[in-house]
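Novice: A structural model of the following input is requested.
(3 chains)
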Amino acid sequence: MEPILRTTKLGKSFGHFAANADIDFAVQPGELRAVIGPNGAGKTTFFNLIAGTIPATSGTITFNGRDITRIGGSHRVHLGIAKAFQTANLYPDQTVLQNCRLAALAHLQGAFSFQVFRRSTRHARIDEIARRSLERLDLHGVAELRCGDLSHGDKKRLDIAIALATEPVILLLDEPVAGMSRDEARKTETLVRKLASEMTVLIIEHDMDLIMGISDSITVLHQGRVLATGTPAEIRENAAVQEAYLGGHTAEELHA
Amino acid sequence: MELLIQALLNGLVRGLIYVAIAVGLTIVFGTLRLVNFAHGAFYAIGAYVGLVVAQHFGLVPAFVAAPIAVALFAIALDRLVLRYFYDKGPTLQILITFGIALVVEETIRLIFGGTTQQYPMPPGLAQAATTVGPITYPTYQLLFAVGVIVMLLLVWWFIRGTTYGLVVRAGVRDRIMVQLLGGNVQLASTIVFALGAAIAGLVGAAASPIYSLDPDMGFNFLVPSFVVVVVGGLGSFWGAVLGGLLIGELQAITTLVFPPAADVVIYVCMALILLLRPQGLLGESEVIRQS
Amino acid sequence: MTSTDVAPIAEPSRGGFFGADLRFLGLTALGLAIFPFALHLIGGYGGLATQILIVSIATIGFNVLLGYAGILSYGQAMFYGGGGYLAAILLIHAMPNHPNLWLAVLGATLMTTVLAIVVGAVSVRLYGIYFALLTLAFAQMVFFIVEQARDWTGGDDGLQSFPTPLLPIGPWNVDLQTPLPSLALGPFGNLGDLKLWYVFAAVVLVLVLWFVRSLTRSQFGEVLDAIRENEERSVFVGFNAAAYRLAAFAISGALTGFSGALKALYDGTVSVDSVGIERSGSFVIYAVVGGVQTLFGPLVGTAIIMYLENVLSGVISYWQLVEGVIFVLAVVFLPNGIVGTILKRRRARTMLVNAVRVK
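Specialist: This next block holds a predicted model:
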């Protein structure tokens, strides 16, 4: 089967510093792929390259067979690539609902619309998409709150809801449970599983239990390069991964 | 040939003024992330303070008084007004500093009137000329050039060699690191700001024998200095040097060849840089473009 | 100046001439009818009132950029003066025998819009200060061109006494220079101080205000507001921020050029000052003093500063200093300008009342 997303020798350098180098990566439609690695391995940079936050300095990115390397971030969203930020990026003075509505509006109207005389005529549909996203993240109760007033965990969930409101085909989650309470983390884990059955999900996380439990496959990055790719079991047994990431301990020792 | 050498020297002198103003602008932006449209006002205040002191006490006291006066003004400005705008984004900073520059210009006009002023110079110095190759060139301007170069080297040493200079080099990105290393970021920032202002003030006083004084001299030198900063690279000391000399010479040669274009040629230069290499000749390619 | 200060988008109206719109139009028209007489009370004169209305259209254009799109342009004079010169040139060269006001103004506006699109297309991708500097650079290039193209623009002398067009409305050709019938109004002056120009300018201004008002309440306006509030977030829900900024820049250029063309026709002359850097700066001052995210702010700001420039300048010799101080005070203490601060207080009071009511 054709991978839905593929990168070939993808690289990003800041001056002389290579944050990402020579990354060959492919993920099948519907897969839940975790991207892990020690701090500074270049995971967030990799997600930023895929989402289009930053331009690549070398290599290509192909989505559904189409080269999107030079395509801007806003257009990638319309192609179906949505990213939830590591630190929740919201419209702080708008309500929770309005945050999602804007995403839904963008999804329905396209990247640009010169409608200067009236509001969108599709507010019913926009509302529907927005509310549905909020419900999935269990945020419908706070729909009318100013989102700057939300708790940290709620803000992160709202960020995911916004991404969902663009009705993506690939969802990139950058440390979705970081800083959440155990309850919230568990609820988010359940949600991620559910989402993975509907779309392709790429996830960066440090929580090993979570990763090993839900991923179909794992890519390990180390110092900006791909160290290994495989199923959770394969990665757990991989000596090089253990060396770089787990510090030489076997997985059994860590899980003891 | 003689005309060319003359033009090149003129360009050097003018360029060095731009460098001096631009260096202050660029290090303030590099450390404080502050866009300061009032920087030209420092230049003007230096010139007019120098004028008053020179009229009563002579040239050398003027060159001492001017940077001190400007530095004090800059510190007061920073503490009272500008520090509230550090993280307010460039738009608001441009607006407030533009407003301050306006007020300074109009205050100067109120005090000194709108007419052009001339600097009192001891006649021996005013007439002295040195032979440079086939031409003779005013000695004062050569002295000025040398003086500015020496001053710039001192500034460079300061940036490279002292703890306060560390703040300049580290830039805002590493504010936390500087604090951890024991540097007092607040104090260092104020010092950097005052230093940039003092440089502009000193050069304002020193250049006044060469160019006469007008209330709008602040803006007249500010805008080209921003061009210099953009061309050289916002935040880069040597970029300011390179840019200043480039722009100065470009203006001088254009004045020789097609005088009416002397102003616009620097804007064309800036536009080209912004479109083709927005980080400037020696700047870092930070986030200059938006999505 | 930040997005948090004044809620920029009001609730959506149902469009068309229903309730709120009619009331808006009515109140605005009333205000404009009273304005010249109130101005006379404090030393103004009829011509000044007309000029204020015309110039404020350009300030409104600037406000679309700064207040709604959130970008600072330091080169608006290229559109303002450009519009003026283009209108004059059209009259002199294209229709010397049959000067037509509509054609001159609309032609100038169209060409200015094209210029705005061209300049905007290369500029809007640049961040804050760089964008401001690039617009300044382009404006200075336009200044240079205007100064050099003596055959077309008169160079430093500008263009003077070009044919004053009549305004064709239906079967009539209206001479806008005609004064209104004389009617003494005591301290408020005389109706006859005003010319038909004022009526024309007022009608035009009301239409411009209505357009901008619907713009801010429209889908386009909603997105523009979102981009201004958080650009990165907007891009990553799928809005093409650069395209929106370009559109805002084009609209701004059109309004500014339109204003410049009208002003040139009103004055009967156009000078090289109108494309100069001080001109660009003046719009910044007018808009900030009046209030950048408000509809009427630009009008209020233009009125106050132009009043200062034209009336107080005769009384105080240091009026420019006063102008500068007002501007600085406005930036520091009234970041929403005069109108914005009033609106903010009123909204705060309303929210307080509502909160109490709910309890």
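
Novice: CA atoms for contacts and neighbours, from now on please.
Specialist: Fine.

Novice: what residues are up against B:Gly114?
Specialist: B:214-215 (Cα atoms under 8 Å, 6 or more residues apart in numbering or on different chains).

Novice: Is it correct that C:Val237 is in contact with A:Ala103?
Specialist: Yes: using Cα atoms under 8 Å, C:Val237 is in contact with A:Ala103, at 5.0 Å.

Novice: More neighbours: those two, which one.
Specialist: Neighbour totals were compared for C:Val237 and A:Ala103, and C:Val237 leads with 31 against 28 (other Cα atoms under 10 Å in any protein chain shown).

Novice: how much space between that one and A:His107?
Specialist: Per Cα to Cα, to the nearest Å, C:Val237 is found 7 Å from A:His107.

Novice: Does the spatially closest residue to A:Glu31 that is not a sequence neighbour have any beta-bridge partners, and if so which?
Specialist: Distances taken as Cα to Cα, 6 or more residues apart in numbering or on different chains place A:Thr200 nearest to A:Glu31, at 5.2 Å, with adjacent residues excluded. Beta-bridge pairing of A:Thr200 under DSSP bridges involves A:Ile170.

Novice: shouldn't A:Thr200 be in contact with A:Leu171?
Specialist: Yes: if you go by Cα under 8 Å, A:Thr200 and A:Leu171 touch, sitting 6.3 Å apart.

Novice: For A:Val226, pull up the helix or strand it's in.
Specialist: strand A:225-230 (DSSP states H and E).

Novice: Would you give the sheet partners of that strand, along with the direction of each?
Specialist: Sheet partners assigned to strand A:225-230 using DSSP bridges are listed as strand A:217-222 (antiparallel).

Novice: what residues does the strand it pairs with touch?
Specialist: Taking Cα under 8 Å, 6+ apart as the rule, strand A:217-222 contacts A:31-38, A:40-43, A:226-232, A:235, A:241, A:244.

Novice: ok now do the most centrally placed residue in chain A, which residues does it touch?
Specialist: Among the residues of chain A, the one closest to the centroid is A:Leu172, at 1.5 Å (Cα atoms, centre = their mean). By Cα under 8 Å, 6+ apart, the residues touching A:Leu172 are A:47, A:81-84, A:201-203.

Novice: please redo it, this time with the cut-off set to 6 Å
Specialist: Counting by Cα atoms under 6 Å, 6 or more residues apart in numbering or on different chains, A:Leu172 touches A:83, A:202-203.

Novice: What of A:His107?
Specialist: A:His107 sits next to A:Thr166 when contact means Cα under 6 Å, 6+ apart.

Novice: again, only this time at 8 Å
Specialist: By Cα under 8 Å, 6+ apart, the residues touching A:His107 are A:78, A:165-167, C:237-238.

Novice: mind checking how far it is from A:Arg76?
Specialist: In terms of Cα to Cα, A:His107 sits 11 Å off from A:Arg76.

Novice: Next, show the common contact partners of these two.
Specialist: Taking Cα under 8 Å, 6+ apart as the contact rule, A:His107 and A:Arg76 both touch C:Gly238.

Novice: List, one by one, the residues from the stretch 1-150 of chain A near chain B.
Specialist: Residues of the stretch 1-150 of chain A lying near chain B by Cα under 8 Å from any Cα of the partner chain: A:72-73.

Novice: so where do the strands sit in the stretch 1-150 of chain A?
Specialist: Secondary structure of the stretch 1-150 of chain A (DSSP state E, counting those that start in this stretch): strands at A:5-14, A:17-27, A:32-36, A:58-63, A:66-67, A:81-84.

Novice: Just to check, B:Ala47 is in contact with B:Leu213?
Specialist: Yes: applying Cα under 8 Å, one finds B:Ala47 in contact with B:Leu213, separated by 7.2 Å.

Novice: Please identify which of those two sits among more neighbours.
Specialist: Counted by other Cα under 10 Å, B:Ala47 and B:Leu213 do not tie: B:Ala47 has more neighbours, with 33 against 23.

Novice: who's in contact with the more buried one?
Specialist: Shown in contact with B:Ala47 (Cα under 8 Å, 6+ apart): B:66, B:201-208, B:213.

Novice: give me that answer again for 7 Å
Specialist: B:201, B:204-205, B:208 (Cα atoms under 7 Å, 6 or more residues apart in numbering or on different chains).

Novice: C:Asn100 too?
Specialist: By Cα under 7 Å, 6+ apart, the contact set of C:Asn100 is C:165-167.

Novice: rerun that using 8 Å as the cut-off
Specialist: Per Cα under 8 Å, 6+ apart, neighbours of C:Asn100: C:91, C:165-168.

Novice: if you look at those residues, which of them are in strands?
Specialist: Residues of the contacts of C:Asn100 located in strands (DSSP state E): C:167-168.

Novice: just the buried members of the contacts of C:Asn100?
Specialist: Among these, those scoring as buried are C:91, C:165-167 (criterion: 16 or more other Cα atoms under 10 Å in any protein chain shown).

Novice: A:Glu237: neighbouring residues, count only.
Specialist: 13.

Novice: If you check the stretch 151-256 of chain A against chain C, which residue is the closest one?
Specialist: Shortest the stretch 151-256 of chain A-to-chain C distance, computed as Cα to the nearest Cα: residue-wise this is A:Thr166, at 6.6 Å.

Novice: Any buried residues in the helix ranked longest in chain B, and which?
Specialist: Counting residues, the longest helix found in chain B (DSSP state H) is helix B:2-32. Residues of helix B:2-32 classed as buried: B:5-32 (neighbour count, 16+ other Cα under 10 Å).

Novice: who's in contact with residue 90?
Specialist: Just going to use chain A. Going by Cα under 8 Å, 6+ apart, A:Leu90 touches A:99, A:147, A:155, A:159, C:230, C:233.

Novice: Chain C was what I was after
Specialist: Contacts of C:Leu90 by Cα under 8 Å, 6+ apart are C:104, C:107-108.

Novice: any chance of these in CSV, with pLDDT and distance to chain B too?
Specialist: Listed next are those as CSV, based on pLDDT from 0 to 100; distance: Cα to the nearest Cα, whole Å:
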residue, pLDDT, distance to chain B
C:Ala104, 91, 29
C:Gly107, 95, 27
C:Ala108, 96, 24
